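**Q** build me a model:
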Amino acid sequence: MSFPIQQQIHKDACIAASACSLLTWLQKQAPTQQALDPLIQEGMRAGNNGFDSLQAALATLRSSSSAQRFTPVDPAAWASATPSAAAGFLISHGVNLPSGIRAAHITVVFFDTGSWHQADPGTASVRAITLAQLQPDYAGDLAIII
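**A** Below is the predicted model of the structure:
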């Protein structure tokens, strides 16, 4: 397994980095983070959800892919019951910043070689996980890219 995790281009670019990584993994044409991130940031500054901003950014860039946002209470149950989840999905996590502020961070979860994995664009790392490990810091939404 060689998941193509991209390091995020700046501290707030986790959605763009995760989306570009997942699109590459799915062998779909991926925009660059440099093209995608400003559009996502603009949408979020306008008060939109990050995954909704991702969908709008993909549409603006005329991507053949789109993002669909879900808000399951239990991400592990959702992933187990959703066949397309194994290909990979983006998930939001609550993280504590050094300033003490709680913020969202986006990672990619995917199934490969008999195991679930999580790819983190903040550290450009991939690790094996169990779906139960998603729940403690889950921030309430996730997205698939089709």
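**Q** what helices or strands is the biggest strand by length in the chain leaning on?
**A** With secondary structure taken from DSSP state E, the chain has its longest strand at strand 102-112. In terms of contacts (3 or more Cβ pairs under 8 Å, 6 or more residues apart in numbering; DSSP states H and E), strand 102-112 is packed against helix 14-25, strand 89-96, strand 115-120. Quick note: C-beta positions are derived from backbone N, CA and C, even for glycine.
**Q** nearest to Leu131, out of those?
**A** Leu131 lies closest, by Cβ to Cβ, to one member of these: strand 115-120, at 5.8 Å.
**Q** what's the distance between Gln33 and Ala46?
**A** According to Cβ to Cβ, to the nearest Å, Gln33 and Ala46 sit 20 Å apart.
**Q** so between the two, which is more surrounded?
**A** The neighbour comparison of Gln33 against Ala46 (other Cβ atoms under 10 Å) goes to Gln33, with 23 against 9.
**Q** nearest residue to the residue most central in space within the chain other than its sequence neighbours?
**A** By Cα atoms, centre = their mean, the chain has its centre lying nearest to Leu90, at 2.7 Å. Take Leu90 and drop its neighbours on the chain: the residue closest to it by Cβ to Cβ, 6 or more residues apart in numbering is Ala143, 4.6 Å away.
**Q** so that neighbour, which state does it fall into?
**A** The local conformation at Ala143, judged by DSSP: H, G, I helix; E, B strand; the rest coil, is strand.
**Q** need the pLDDT of it.
**A** Looking at Ala143, its pLDDT reads 97.
**Q** which residues touch it?
**A** Applying Cβ atoms under 8 Å, 6 or more residues apart in numbering to Ala143 gives the contacts Phe51, Leu54, Gln55, Ala67, Gln68, Arg69, Phe70, Phe89, Leu90.
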